[in-house]
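Asker: no letters, just coordinates:
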């Protein structure tokens, strides 16, 4: 786990990395996932519920959890969402366009629906939901303006857009989401991704046309 250090009770971003399998369309890939914890010493939100609950719960460290927010419904991002909901006494939030993916992993377990432009406030920070379909129909990013940060799930990575070669994904749709919802953010905005290392909006924006050409 890596932690961004700030003064006591200031809003901060913490990262937990968990490992496991991503399964879709009959395939299986071993992946490392970033789980983001955002808030202060009193209250946080957890972004994504990947693979293993214990390190996430340990990182929360007894703080109140306002919500477990899932950036999308692929199994590696929602693996332990019901377990975290139970053990952390927090609702799970997911965009309803990914209900079929959720149901494939968790059957009749329920979640609270996210909607575009919704604000979620916890621990002194507000996260604004940006619906960014393409990687999946219900993919969202979470923009924390006061932190100059966006949590992009699998929509945008260092080096380009998330994968679109599997069921329920679409390349032109993800490009339009990135163009209209992410590249319009300030260039200095740090992109905290669902896998791998951070980037910045200003580092990725110049390559949009190259991505489009590459994806055609």
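Answerer: Nice, thanks for sending it over. Predicted, not measured: the structure shown is a model, and the values here were computed from it. Numbers count the residues shown, from 1 in each chain.
Asker: can you list the low-confidence ranges for the protein?
Answerer: 1-7, 216 (pLDDT under 70).
Asker: what about the helices in this structure?
Answerer: Using DSSP state H, the helices found in the chain span residues 53-60, 75-78, 81-88, 99-106, 171-177, 201-204, 208-215.
Asker: in CSV, list the ones you listed along with mean neighbour count and distance to residue 137.
Answerer: No exception for glycine: its C-beta is placed from N, CA and C like everyone else's. Formatted as CSV, those follow (neighbours: other C-beta atoms under 10 Å; distance: least, C-beta to C-beta, whole Å):
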stretch, mean neighbour count, distance to residue 137
helix 53-60, 17, 26
helix 75-78, 25, 14
helix 81-88, 19, 18
helix 99-106, 17, 9
helix 171-177, 19, 8
helix 201-204, 18, 23
helix 208-215, 12, 18
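Asker: out of those, which gets nearest to residue 146?
Answerer: Evaluated over the helices of the chain, closeness to residue 146 peaks at helix 201-204, with 15.9 Å, by C-beta to C-beta.
Asker: other residues contacting the closest one?
Answerer: With C-beta atoms under 8 Å, 6 or more residues apart in numbering as the test, helix 201-204 has contacts from 150, 156, 158-160, 182-183, 185-189, 191.
Asker: please convert the buried members of these into PyMOL selection syntax.
Answerer: Restricted to buried positions by 16 or more other C-beta atoms under 10 Å, the PyMOL selection for those reads:
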select buried, resi 150+156+160+182+183+185+189+191
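Asker: can you redo the helices of the chain as TSV with distance to residue 146?
Answerer: Formatted as TSV, those follow (distance: least, C-beta to C-beta, whole Å):
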stretch	distance to residue 146
helix 53-60	21
helix 75-78	25
helix 81-88	24
helix 99-106	30
helix 171-177	23
helix 201-204	16
helix 208-215	26
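Asker: of the ones you listed, which is nearest residue 135?
Answerer: When the helices of the chain are compared by C-beta to C-beta, helix 171-177 sits nearest residue 135, at 5.7 Å.
Asker: any residues touching the closest one, and which ones?
Answerer: The contact list for helix 171-177 (C-beta under 8 Å, 6+ apart) reads 131-135, 139, 155, 161-162, 164, 208, 211-212, 215.
Asker: just how off-centre is it within its chain?
Answerer: Relative to its chain's centre, helix 171-177 lies at 17 Å (C-alpha atoms, centre = their mean, to the nearest Å).
Asker: now stretch 122-142
Answerer: Its chain's average C-alpha position is 7 Å from that of stretch 122-142, according to C-alpha atoms, centre = their mean.
Asker: then stretch 28-44?
Answerer: 8 Å.
Asker: same question, stretch 195-214
Answerer: Stretch 195-214 sits 17 Å away from the centroid of its parent chain (C-alpha atoms, centre = their mean).
Asker: one more: stretch 154-171?
Answerer: Its chain's C-alpha centre and that of stretch 154-171 lie 13 Å apart, by C-alpha atoms, centre = their mean.
Asker: what comes up buried for that stretch?
Answerer: 154, 155, 156, 157, 160, 161, 162, 164, 168, 169, 171.
Asker: beta partners of the fifth one?
Answerer: Beta-bridge pairing of residue 160 under DSSP bridges involves residue 157.
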